[in-house]
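# Take this sequence and fold it.
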Amino acid sequence: MLKQGVGVITVFWVMLFWVNSAVAQVADLYRADVAAASERNVWQQHALVQVLHRVSGNSAIVNNAAVQAELKNAAAYIKQFETQRQADGSNTMRVLLDAEKVNQLLTQQGIPVLGALRPQTLVWLVQQQQGERQFVRQSTHNLNQLMQQAFDYFALPMLMPLYDIDDLLSLTETDVWAGFWQPIFQASQRYPADVVVAATILTEEQSGQVIYRMNWQLQQEGRTYRVDLSAESEAELMQQFAASLAEHLAKRYATVMSAEGEISLLLEIQQVPTLADIVRVQRDLAQLVGVTQVTVIHYQQSNVRFELRTNVSAESVKNALRFNKMLQSIVQDASSPLPVDGVPVLATYRYLAL
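I've put the predicted structure just below:
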């Protein structure tokens, strides 16, 4: 018998709502690579700051008074570290932080957490030089390499267009520069992206100082979000770009974990054929932000019921599951009958063996 107060996500054969998600799972979310410093507390603090940036998507998080205080205690967050020799002869520190302690710090401050499942972002990049606008096409171009480094710092999965004949026939530099979203979306359909960004860069000289300016924009749910940035170096500009995008994605997708205790949720996933698939789904559910335990409590005719212990709301769990490309949401028709036990339906999913 099910306990009272337990939310149930049950299964019906109803109309399917297919969600094509290109979400990526970020590995080593709580790992930082920082420059080695002569004093241990320096690189320890840098590692904690980087992980806080990656997990929260908030580049201003160090302005929080409690976070500032914890930086002095950065050693308590570190689980492992090792020195790595770089090709140029310099040393870096690879540092693994305690995920539970980091999440606890954010929870205590009411700061949302971005989980390991994150949307893939496709970036169309156009640069204007001497009045001529061109796509930044080569992956080895300095701007593309700096952009990749900045995205890696914030743990943002990024896709670069091929800029092949198909792209160039369907999209022009002017389309990206002007923010013409119909051709941008059309050209982007061939890529497995959840988020599409149109970004432009130009260089200006002011009082003998070179200034790099960027405008980037994205369109979601019919609304266009635009950001203007400026910096004195290309590296700084790309760092600002990644930081502002991470902040936007965090506002949309991050989850505030509750410090008041855990709740139980039941998820039922249909068409899970083998034990290996059950283990795979269980593992993915366990990686959702706020989920502390996942238990299989029922299996019948390839339908599996999982009990989740979580310190986030049911709505937050459903929001996070939008990023799992193995699970397709099934929307219940309003005319469909309620289950026999009368428990209201929160959501249902169909397993895809990819």
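# tell me the centre residue of the protein?
The geometric centre of the chain, computed from its C-alpha atoms, lies nearest to R118 (C-alpha atoms, centre = their mean), at 2.6 Å.
# Need phi/psi at that residue.
Here is the backbone geometry of R118 (degrees, to the nearest 10): phi -130, psi 150.
# helices or strands up against the helix or strand hosting Q104?
Following DSSP states H and E, one finds Q104 within helix 99-108. Under the contact definition 3 or more C-beta pairs under 8 Å, 6 or more residues apart in numbering; DSSP states H and E, helix 99-108 sits against helix 40-56, helix 65-71. Quick note: C-beta positions are derived from backbone N, CA and C, even for glycine.
# relative to helix 40-56, how tilted is it?
Helix 99-108 and helix 40-56 meet at an angle of 70 degrees, taking axes from the mean of the first three to the mean of the last three C-alpha atoms, to 10 degrees as the criterion.
# pull the CA atoms of helix 99-108 into CSV?
The C-alpha trace of helix 99-108 is given here as CSV (Å, rounded to 0.1, in the frame of the first residue of the first chain):
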residue,chain,number,x,y,z
ALA,A,99,29.5,17.9,-4.2
GLU,A,100,27.3,17.4,-1.1
LYS,A,101,29.1,20.3,0.8
VAL,A,102,28.9,22.6,-2.2
ASN,A,103,25.2,21.9,-2.7
GLN,A,104,24.6,22.4,1.0
LEU,A,105,26.3,25.8,0.9
LEU,A,106,24.1,26.9,-2.0
THR,A,107,21.0,25.5,-0.4
GLN,A,108,21.6,27.4,2.8
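# sorry, back to before: what's opposite the residue nearest to the centre of the chain in the beta bridge?
A24 (DSSP bridges).
# so what's it up against?
23-26, 155-157, 249, 253, 323 (C-beta atoms under 8 Å, 6 or more residues apart in numbering).
# Go through the helices and strands packed on helix 99-108 and name the closest to S139.
Closest approach to S139 among the helices and strands packed on helix 99-108 (C-beta to C-beta): helix 40-56, 23.2 Å.
# buried ones in that closest one?
For helix 40-56, a neighbour-count test (16 or more other C-beta atoms under 10 Å) marks 43-56 as buried.
# cool, stretch 105-124 as well?
For stretch 105-124, burial by neighbour count (16+ other C-beta under 10 Å) applies to 105-107, 109, 111-124.
# So A74 is in contact with N41, correct?
Yes. Contact status for A74 versus N41: in contact at 6.8 Å, counting by C-beta atoms under 8 Å.
# low-scoring pLDDT stretches of the stretch 151-300 of the chain, where are they?
Confidence mapping of the stretch 151-300 of the chain against pLDDT under 70 gives the ranges 258-260.
# Which stretches in it count as strands?
With strands called from DSSP state E, counting those that start in this stretch, the stretch 151-300 of the chain shows them at 158-159, 195-206, 209-220, 223-231, 263-270, 291-300.
# Which residues does the shortest one contact?
Contacts to strand 158-159, defined as C-beta under 8 Å, 6+ apart, come from residues 120-123, 147-148, 151, 191-193.
# Can you say which two of the residues you listed are spatially most distant?
M147 and P192 (18.8 Å).
# Looking at the two, which is more packed in?
Shown here are M147 and P192; by other C-beta atoms under 10 Å, M147 has more neighbours (24 against 14).
# related to what we said a few turns ago, let me know which of the helices and strands packed on helix 99-108 is the nearest to L308.
Nearest of those (C-beta to C-beta): helix 40-56, 20.5 Å.
# now what about the closest one, what contacts it?
Contacts for helix 40-56 (C-beta under 8 Å, 6+ apart): 29-37, 58-59, 61-62, 67, 70-71, 74-75, 77-78, 81, 93, 95, 97, 102-103, 105-106, 111-114, 153-155, 243, 246, 250, 254.
# Now the buried members of those residues.
29-34, 58-59, 61, 67, 70-71, 74, 77-78, 81, 93, 95, 97, 102-103, 105-106, 111-114, 153-155, 243, 246, 250, 254.
# Show me what the longest helix that the chain contains is packed up against.
In the chain, ranked by residue count with DSSP state H as the criterion, the top helix is helix 234-253. Here helix 234-253 is seen to pack against helix 40-56, helix 142-153, strand 195-206, strand 209-220, strand 223-231 when contacts are counted using 3+ C-beta pairs under 8 Å, 6+ apart.
# I'd like to know which of these is closest to I297.
Minimum separation from I297 across these (C-beta to C-beta) falls at helix 40-56, 30.3 Å.
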